[in-house]
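Asker: quick one, fold the following:
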Amino acid sequence: MTRGQHDTIAYRLSQILIKLNQGDHLDPSGLAEEFGTHVRTIQRDLKVRLAYLPLLKTKGRYHLESAYLGKLNFKDIERFASQAGVKGLFPSLDRDFLKNLLGDQMHSPWLVRGHHYEDLSALQDVFSGLEAAVIQNSVLTLDMLKDGRVQTYSPVNPYRLINTKGIWYLAAVHDGRLKTFGVGKIRSIQVHAATFKRDANVDEHVQTEEGIWHSSQLQKVLLSVAPAAADYFKRRQLIPRQKIVSESLDGTLTVETMVGHQNQILPIVRYWIPNVRIVSPAAWNDELISQLAGYLSTCEPMDCRDFRPPST
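Answerer: Purely as a prediction, here's the structure:
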């Protein structure tokens, strides 16, 4: 197991759950050493993230009440799955699943290849400070690396730490607007004594928004998906707020979405060329064509011969 894997919250919490379920008495210092993190992070795991468990503290060690040993139930694992972002990964979470998950199996029936997570081991102090600030509603000052220079943002009201496709972001209000800050670009934070009152509307928006682009005005986008790619769009959501509005006789899909920024769509369409194209708004399709034309203009003929459209 690599250091990066040990640093992930999902891995750490799952291991703590298993240890508690089998009756271990957990020393925060020992866990901090095992997972390569700080004692206060482990204490936050036990006191905040796993606060719903009936934990006891005896001589500085945390353990489950004896009546609950081996009895972590559906609600427990569902809460963990929601927190770890894997609630929808398995078709069902039944008793047999829980038994296999929490048991000591020699051969696991699952092999899940997820995202390669950003390594934030060098920013553990920053990450822990952000966690505490979110929990305590503390006002922050952030020093961030942008375009090769350190830029200061203040005051910043932190709402949530979000992991999207393996990258951590801080969702926070700055200058009256909800923004996202890449945690990996934060060089230092200053936690102020002042606190802020959370806005319920901001909390709801952060909870329901599927990406890192936040906007009060959403743009309706229509995509045409060729039959060769249609099955992928039917099997899972590949774009935010994806909705299949029609399917033609030849299998072509018309897909609708509402997004706050064109960067939520253009990279996806580029990935699926030539099977996905933008129907509307026309300006976004023009922007995509302009980007592709700019790319092709920089290629040598041999490099781009497979990408140029056939002459007409």
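
Asker: now do the same contact list for the closest residue to Leu142 other than its chain neighbours.
Answerer: Distances taken as CB to CB, 6 or more residues apart in numbering place Tyr153 nearest to Leu142, at 4.6 Å, with adjacent residues excluded. (Each C-beta comes from the backbone N, C-alpha and C, glycine too.) Applying CB atoms under 8 Å, 6 or more residues apart in numbering, we find Tyr153 in contact with Thr141, Leu142, Met144, His174, Phe181.

Asker: filter the residues you listed down to the buried ones, PyMOL style.
Answerer: Burial among the contacts of Tyr153 is assessed by 16 or more other CB atoms under 10 Å; the matching PyMOL selection reads:
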select buried, resi 142+144+174+181
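
Asker: out of the contacts of Tyr153, the closest to Pro267 would be?
Answerer: Phe181 (20.1 Å; CB to CB).

Asker: name the helix or strand for Glu204, please.
Answerer: helix 200-208 (DSSP states H and E).

Asker: how about the residue nearest to Val225 when sequence neighbours are not counted, what does it touch?
Answerer: Closest residue to Val225 apart from its sequence neighbours, by CB to CB, 6+ apart: Leu253 at 4.1 Å. By CB under 8 Å, 6+ apart, Leu253 lies in contact with Ser224, Val225, Ala230, Phe233, Lys234, Ile244, Ser246, Glu247.

Asker: may I ask which of those residues has the most neighbours?
Answerer: Highest neighbour count within these, by other CB atoms under 10 Å: Val225, with 23 neighbours.

Asker: show me how this structure divides into domains.
Answerer: The chain is divided into the following domains under automatic domain parsing: 3-102, 121-208, 219-304.

Asker: those: lowest mean pLDDT?
Answerer: Among the domains of the chain, domain 3-102 carries the lowest mean pLDDT, at a mean of 73.

Asker: show me the strands in the stretch 101-250 of the chain, by range?
Answerer: Under the criterion DSSP state E, counting those that start in this stretch, strands of the stretch 101-250 of the chain are mapped to 138-146, 149-164, 167-174, 177-182, 186-195, 219-225, 243-247.

Asker: what's the closest of the contacts of Tyr153 to Leu20?
Answerer: Checking the contacts of Tyr153 one by one against Leu20 (CB to CB), the nearest turns out to be Phe181, at 33.8 Å.

Asker: contacting residues for the closest one?
Answerer: Counted by CB under 8 Å, 6+ apart, Phe181 has contacts Leu142, Met144, Tyr153, Val156, Tyr169, Leu170, Ala172.

Asker: farthest-separated two in those?
Answerer: Tyr153 and Tyr169 (13.7 Å).

Asker: so Glu131 sits against Leu161, correct?
Answerer: Yes: at 6.6 Å, Glu131 counts as touching Leu161 under the criterion of CB atoms under 8 Å.

Asker: hmm, back to that, farthest-separated two in the contacts of Leu253?
Answerer: Going by CB to CB, the pair spanning the contacts of Leu253 furthest: Ser224 and Lys234, at 14.7 Å.

Asker: for the strands of the stretch 101-250 of the chain, which one sits closest to Pro281?
Answerer: strand 219-225 (6.8 Å).

Asker: for the closest one, buried residues please.
Answerer: By neighbour count with 16+ other CB under 10 Å, strand 219-225 contains the buried residues Gln219, Val221, Leu223, Val225.

Asker: in CSV: the residues you listed, plus distance to Asn21.
Answerer: Formatted as CSV, these follow (distance: CB to CB, whole Å):
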residue, distance to Asn21
Gln219, 47
Val221, 46
Leu223, 45
Val225, 45
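
Asker: closest one to Val39 out of these, please.
Answerer: For the buried residues of strand 219-225, the nearest to Val39 is Gln219 (46.4 Å; CB to CB).

Asker: can I get stretch 222-230 as CSV, trimmed to CA atoms?
Answerer: Only the C-alpha atoms of stretch 222-230 are listed here, as CSV (Å, rounded to 0.1, in the frame of the first residue of the first chain):
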residue,chain,number,x,y,z
LEU,A,222,-27.9,20.0,-26.5
LEU,A,223,-25.5,17.3,-27.7
SER,A,224,-25.9,14.8,-30.5
VAL,A,225,-24.4,11.4,-29.6
ALA,A,226,-23.8,9.0,-32.5
PRO,A,227,-24.9,5.3,-32.1
ALA,A,228,-21.2,4.2,-31.6
ALA,A,229,-21.1,6.1,-28.3
ALA,A,230,-24.8,6.0,-27.3
